[in-house]
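Asker: Next come a sequence and a model predicted from it.
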Amino acid sequence: MSVVEKHKEEAVYIYQAPIRIWHWVQAFALLALGLTGYFIGSPLPSVGGEAYDHYVMGYIRWIHFVAAYLVIIGFVFRIYWAFVGNVHARQIFVPSVWRKSWWAEVWHEIKWYAMMTREPKKYLGHNPLAVLTMHIMYVWGTVFMIVTGLALYGEGTGPGTWQHSWFTTWIIPLFGQSQDVHTWHHLGMWVLVCFVITHIYVAVREDIMSRQSIISSMISGWRMFKDDRPADD
Ligand code: HEM
Ligand code: HEM
């Protein structure tokens, strides 16, 4: 995967259009969810006057729910694309934890990010540490937010609705009571915020330091190698 050999090709098509569209829609939806979620948890001071003159919390919750459904539909689509897309579309769902060499590459990336090694390794798709982080923090983090979010949403839609029957009925008792689910859903936001901050830092850092294109690859789909490219992936 990471063995660097001299090749003629300097650009490889990695991220198919559906992945790229999904990535950026997801990024904006998550930004909206984080911002509105924060204000659901810590609402603005009450505004005076007639209730129908303002609907601040109503709009905040509405944006949260629209973005939430975008994330849910996007995530279901992303799982489908892991089956029908190219090999890179499966990476974040199945980290190669059973391969010893994969763990060696994870260790190499940790050293690379800690500035303890001079030579970057090149990968056609994500590097193994990115896959590990995306799998644990993003994939499972998103599943957690969708499940706990739908459990809370089902409290509003009420008995008889699919959100209530499939999620609220067992998630709320599992955590204790409604406020516990709110608190865990809130904590989940901070996990995703930590992921996003690190993710953006690393994307910019690797764009500058890893001698291959990173951010533009998530826009064009192509990975450009500045001097040579990995033999396989
Ligand atoms: C994936 C990213 C998401 C983030 C970062 C996020 C964040 C938050 C936060 C911080 C809160 C406030 C919790 C509190 O302190 O009480 C909240 C509330 C809530 N979220 Fe999310 N959420 C996400 C996804 C979802 C999803 C997928 C749904 C599903 C419909 C959802 C539904 C809800 C509901 C129903 C509430 C409670 C609203 C209320 O009590 O007025 N969220 N969210
Ligand atoms: C809420 C914000 C974001 C989230 C949740 C997010 C999440 C993700 C996920 C899950 C992937 C893996 C894609 C896949 O294989 O399916 C990914 C890849 C990527 N993201 Fe983001 N992203 C966010 C914002 C950004 C931003 C702002 C940038 C640009 C600075 C960015 C740059 C990239 C790049 C370059 C890759 C590909 C990395 C590689 O080739 O190894 N992301 N992102």
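Answerer: Perfect, thanks for sending it. Given the structure is predicted, the values throughout are model-derived calculations rather than measurements. Numbers count the residues shown, from 1 in each chain. Ligands and ions are numbered 1, 2, ... in the order given.
Asker: Can you tell me the centre-most residue of this structure?
Answerer: For the chain, the residue nearest the mean C-alpha position is residue 138 (4.0 Å; Cα atoms, centre = their mean).
Asker: out of everything not next to it in sequence, what's closest to that one?
Answerer: Distances taken as Cβ to Cβ, 6 or more residues apart in numbering put residue 195 closest to residue 138, at 5.7 Å, once the chain neighbours are dropped. Using the backbone N, CA and C atoms, a C-beta is placed for each residue, glycine as well.
Asker: how would you label the one you found: helix, strand or coil?
Answerer: Recorded secondary structure, residue 195: helix (DSSP: H, G, I helix; E, B strand; the rest coil).
Asker: 52 is where my numbering starts, stick with that
Answerer: New numbering, starting at 52: the last item is residue 246.
Asker: Next one: it from residue 188, what distance?
Answerer: According to Cβ to Cβ, to the nearest Å, residue 246 stands 4 Å off from residue 188.
Asker: For this protein, which residues are neighbours of ligand 1?
Answerer: Residues of the chain found near ligand 1 (Cβ under 6 Å from any ligand atom) are 81, 84-85, 88-89, 91-92, 112, 115-116, 119, 122-123, 193, 196-197, 200-201, 203-204, 233, 236-237, 240, 243.
Asker: Same list, these, but only the ones touching ligand 2.
Answerer: Near ligand 2, judged by Cβ under 6 Å from any ligand atom, the entries from the residues of the chain next to ligand 1 are residue 81.
Asker: Report the separation between the residue nearest to the centre of the chain and residue 244.
Answerer: Distance of residue 189 to residue 244, computed by Cβ to Cβ: 12 Å.
Asker: circling back: quick check: pLDDT value at the residue nearest to residue 189.
Answerer: According to the prediction, residue 246 has pLDDT 98.
Asker: returning to what we had before: buried subset of the residues of the chain next to ligand 1?
Answerer: By neighbour count, with 16 or more other Cβ atoms under 10 Å, the residues of the chain next to ligand 1 hold 81, 84-85, 88, 91, 112, 115, 119, 122-123, 193, 196-197, 200-201, 203-204, 233, 236, 240, 243 as buried.
Asker: Now, those that are in helices?
Answerer: The helices, defined by DSSP state H, take in 81, 84-85, 88, 91, 112, 115, 119, 122-123, 193, 196-197, 200-201, 203-204, 233, 236, 240, 243 from these.
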